[in-house]
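Undergrad: Okay, structure incoming, though there's no sequence with it:
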């Protein structure tokens, strides 16, 4: 409201601001909504949850066009996950979740509420979330990584609940690597 009053916006201005590409929408409404939404997860940006070397490490990825997969070791098994910076949390199958529970990689003391996710195809679905420990990529091991479980055979996603634990991460398209920096 303060931003609207400071700019002396008219009703016409407000209607024009509903265009998500307009400067007004992005300068007034996006910050307002961002400030109103609570932080997505206490788990997402917690560098203290990472063990491994100080500094950075570069890990090979498998690339298919703009899709990059990285080997993830968790629960005593290796799986390839798609690196997805658009995914709030990691995504795994229910079957893999059961394997991780049996291996003790799921924190059973944490009971997260289900969450609605916007899928790449535009659909919405609600999935149960879990906290994983011991998620390893290269020399780094991360605890308290949130993963949603889906009751279907899917490609696993390595989302922001893992990636945001690092100060920086980047993919080198040419070198086919991901660099993670603590």
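TA: Structure received. Values in this document were obtained by computation on a predicted structure and should not be read as measured data. Numbering: from 1, shown residues only.
Undergrad: low pLDDT regions in the protein?
TA: Across the chain, the ranges flagged by pLDDT under 70 are 1, 32-47.
Undergrad: Centroid-nearest residue for it?
TA: The residue lying closest to the centre of the chain (CA atoms, centre = their mean) is residue 160, at 2.0 Å.
Undergrad: Point me to the helix or strand that includes the closest residue to that residue other than its chain neighbours.
TA: Distance criterion CB to CB, 6 or more residues apart in numbering; nearest residue to residue 160, sequence neighbours excluded, is residue 88 at 5.5 Å. C-betas here are computed from N, CA, C, even on glycine. Secondary structure assignment for residue 88, by DSSP states H and E: no helix or strand.
Undergrad: What distance do you get for residue 88 to residue 59?
TA: According to CB to CB, to the nearest Å, residue 88 and residue 59 sit 22 Å apart.
Undergrad: Starting from residue 148, give me the distance back to the residue nearest to residue 160.
TA: Taking CB to CB, one finds residue 88 at 9 Å from residue 148.
Undergrad: Overlap of the contact sets of those two?
TA: 115, 117 (CB atoms under 8 Å, 6 or more residues apart in numbering).
Undergrad: and the two? which has more neighbours close in?
TA: Between residue 88 and residue 148, counted using other CB atoms under 10 Å, the more crowded position is residue 148 (24 against 20).
Undergrad: list the contacts for the more buried one?
TA: Shown in contact with residue 148 (CB under 8 Å, 6+ apart): 89-92, 115, 117, 127-130.
Undergrad: if you skip the residues just before and after it, what's nearest to it?
TA: Leaving aside its sequence neighbours, residue 148 sits nearest to residue 127 (CB to CB, 6+ apart; 4.0 Å).
Undergrad: and the closest residue in space to residue 90 that isn't next to it in sequence, what element?
TA: Nearest-residue entry for residue 90: residue 147, 4.0 Å, with adjacent residues in sequence omitted and distances by CB to CB, 6+ apart. Per DSSP H and E: residue 147 is located in strand 145-150.
Undergrad: Compute the inter-axis angle for the longest helix seen in the chain and strand 145-150.
TA: Counting by DSSP state H, the longest helix found in the chain is helix 94-102. Between the axis of helix 94-102 and that of strand 145-150 there is an angle of 140 degrees, by axes from the mean of the first three to the mean of the last three CA atoms, to 10 degrees.
Undergrad: Cool, thanks, talk later.
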